[in-house]
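A.B. asks: Could you work out the structure for the sequence below:
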Amino acid sequence: MSTLPPPEATPAGPGVPPPQLVRSPLSDGEWHRLHPLTPLLRGGLFLIVVIGIVFANLRDRLLYIFLPWLAPGVGDEVVEWEQVGGDPIDFIIANNLYVLAGVAVLAVLIVLVAVFYTSWRFHTFRITDDDVEVRSGILFRTQRRAPLDRVQGVNLTRPMIARLLGMAKLEVVGAGTDANVKLEYLSTANAEAVRADILRLASGRRLAMAAGPGSGAASRQAGRVASLSQTVGREITGLIEGPEAPVAERESVVHIPVGRLVASHVLSASTLGLLFAIIAIVIGVSQGVTWLLLGFVPAIIGFGAYWVRSIVRSLRYSIAPTPDGVRITFGLFTTITEIVPPGRVHAVEVTQGVFWRPAGWWTIRINRLTGRSAADTTTDQFTTVLPVGTAADVERVLRLLQPSLPDDERALIVRQGMFGPTDDDTFTNTPKRAWWIRPFSYRRNGFRLTDDVLLMRRGVVWRKLVILPLARLQSFGLHQGPLDRASRVTNVRAHVVTGPVSPFLAAVDRDAALALFDDVAHGSVRAALVDRTHRWAEDEPEAADSVSLTPEVYAPAAAVPAPPAAGADAQAAASVPPPPAGYIVVPKPGEDRE
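C.D. replies: Here you go, the predicted model:
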């Protein structure tokens, strides 16, 4: 990886990251280039595909040029070029212009390589204390900037070809539409280090220890040279030995068997619709209606491809806590690892379809800012945090997504919110006088408000539970039509960022809805005032090295008081990652934390 700044680079701005917070030599506030093999992955593969298509279409001509005895009939076609109007390849063969054609092809390749190389030279990035910036373009320059205090997450993607070369691309998720900043490509080791630096800077963490003498430009330059030599050696090893070694990751709290994943796609409404389509095609063709075959078969093939792609994309799924948020990994051939920092989840929906009910399976989706355009079809894979899991899996994932909830509240969410209503139901449900608005689900249709979240429960055929953190609410509204007024009920809707979760509830008692409106208004303001998740590690003591970062060693911060660190213990604790936001480290049995 070349780390020398381009000749036209400007000096680093005043916001140079503190050296205590960064581990990668690429996070020093100066301009750097991407991996030298970036042009190959961004444009070279496309060029190889084009050349392959050309060679496939010209295989007969190539056989006539180099192995004429294997294609004797091609010579007659070339001789008749002027009579029947052949293609340019026939003209080259008929006039013996091989050398001229070879020179022209070589010139085109040289121009393309020059363009790719120049594009790589002009594509630079830097990481400062405030932003991640990327500059690109040869004739038309473009500069994109992602403020660190607005970072919604950092995704690390390893396509199959890039994995073979030991490379990965980073995507810094911004807070607006089409606001993401991409670094494609870096070596896998550099991408992991840069991602950790970005999250560490975005967390607001400020270490107390100052940099010692001698940690200046000389040591930084030595780090660059070492990084370059290590990258070259790693890439050569990767080409020989195959994919890079797996990055050390904490164990997932949820494991999805392949059989469950396949069965969850089979037991779905879309599969039922596919069966009906196949039956209609068979009946129609047997009756002589052949147009059904032409109309539905392409759709069935497309559905099958989507079905297989969805299964492959969900393989190797894992979700685990990290000091900077929830890490979610998925994908078999193209591996995607995203880290959702605390406070970036705006809504959570736990859903169970009628076909999954006998197996007790659920899925979890969230609303979050993905930084992508609305037309991007890959957005859905960043909003499904649990493809399919049991109730115990749901509880583990909710522990990561909403760590501030007490254990008894989380158990109540599972027992009443997902499986309810129960005899001791604490939800405010639709009154019996409005049963005709929700004839099947009025007993289940209700809400519950706590100090931290608003719960909305609805649905019988498709059970849904929406969890809304009050600190993330944008607004809250009541809507009432003429039929609702006649039954003295109203509809409530919470407004959050766009996503698959739709936080609304119909047929709520009017008086209860008015009270809820006031309570949500006061609760959301109170929660926003005390919320510090946008700087989730600011002024937080860090955990000790001897404590394992697994869910079993954490307890909700509200349940166990955190003793302050002092003296040498504070300095030792400042060099390791902290527990996830909302949790503190519980001492091991027999361990003295005084």
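A.B. asks: what about the helices in the stretch 151-300 of the chain?
C.D. replies: Along the stretch 151-300 of the chain, the stretches classed as helices by DSSP state H, counting those that start in this stretch are 160-164, 188-202, 217-241, 258-266, 269-286, 291-314.
A.B. asks: try the stretch 451-594 of the chain
C.D. replies: According to DSSP H, counting those that start in this stretch, the stretch 451-594 of the chain carries its helices in the segments 482-486, 510-530, 567-573.
A.B. asks: Mind telling me which of the ones you listed the model trusts least?
C.D. replies: Here these differ in mean pLDDT, and the lowest is helix 567-573 at a mean of 40.
A.B. asks: residue contacts, Phe504?
C.D. replies: Phe504 makes contact with Met456, Asn491, Val492, Arg493, Ala494 under the criterion Cβ atoms under 8 Å, 6 or more residues apart in numbering. C-beta coordinates here come from the backbone N, C-alpha and C atoms, glycine included.
A.B. asks: Show me just the buried residues among these.
C.D. replies: In the contacts of Phe504, burial by neighbour count holds for Met456, Asn491, Val492, Ala494, counting by 16 or more other Cβ atoms under 10 Å.
A.B. asks: Who is the last one paired with across the strands?
C.D. replies: Read that as Ala494. In this entry, Ala494 is beta-bridged to Phe476, by DSSP bridges.
A.B. asks: Relative to Leu473, how far out is it?
C.D. replies: From Ala494 over to Leu473 the distance is 6 Å, taken as Cβ to Cβ, to the nearest Å.
A.B. asks: same thing with Val132?
C.D. replies: 28 Å.
A.B. asks: Check Val194 too.
C.D. replies: 33 Å.
A.B. asks: More neighbours: which of the two?
C.D. replies: Higher neighbour count among Val194 and Leu473: Val194, with 26 against 23, using other Cβ atoms under 10 Å.
A.B. asks: Could you export the helices of the stretch 451-594 of the chain to TSV, including columns for distance to Ser264 and mean neighbour count?
C.D. replies: Listed next are the helices of the stretch 451-594 of the chain as TSV, based on distance: least, Cβ to Cβ, whole Å; neighbours: other Cβ atoms under 10 Å:
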stretch	distance to Ser264	mean neighbour count
helix 482-486	37	12
helix 510-530	34	15
helix 567-573	43	13
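A.B. asks: So which of the ones you listed is nearest Ser310?
C.D. replies: helix 510-530 (35.8 Å; Cβ to Cβ).
A.B. asks: Considering the helices of the stretch 151-300 of the chain, which stretch scores lowest in mean pLDDT?
C.D. replies: In terms of average pLDDT, helix 217-241 trails the rest of the helices of the stretch 151-300 of the chain, at a mean of 45.
A.B. asks: on that earlier part again, closest to Leu40 among the buried ones among the contacts of Phe504?
C.D. replies: Ala494 (47.4 Å).
A.B. asks: Val453 is in contact with that closest one, correct?
C.D. replies: No. The pair Ala494 and Val453 fails to qualify as a contact (Cβ atoms under 8 Å) at a distance of 10.9 Å.
A.B. asks: How about Leu292, nearest residue that isn't a chain neighbour?
C.D. replies: Gly284 (3.7 Å; Cβ to Cβ, 6 or more residues apart in numbering).
A.B. asks: Please list all residues in contact with Val460.
C.D. replies: Applying Cβ under 8 Å, 6+ apart, we find Val460 in contact with Phe440, Ser441, Arg444.
A.B. asks: Could you tell me the end-to-end distance of stretch 332-346?
C.D. replies: Taking Cα to Cα, to the nearest Å, stretch 332-346 runs 28 Å from one end to the other.
A.B. asks: buried set for that stretch?
C.D. replies: Neighbour-count burial for stretch 332-346 flags Thr335, Ile336, Thr337, Glu338, Ile339, Val340, Pro341, Pro342, Gly343, Arg344, Val345, His346 (criterion: 16+ other Cβ under 10 Å).
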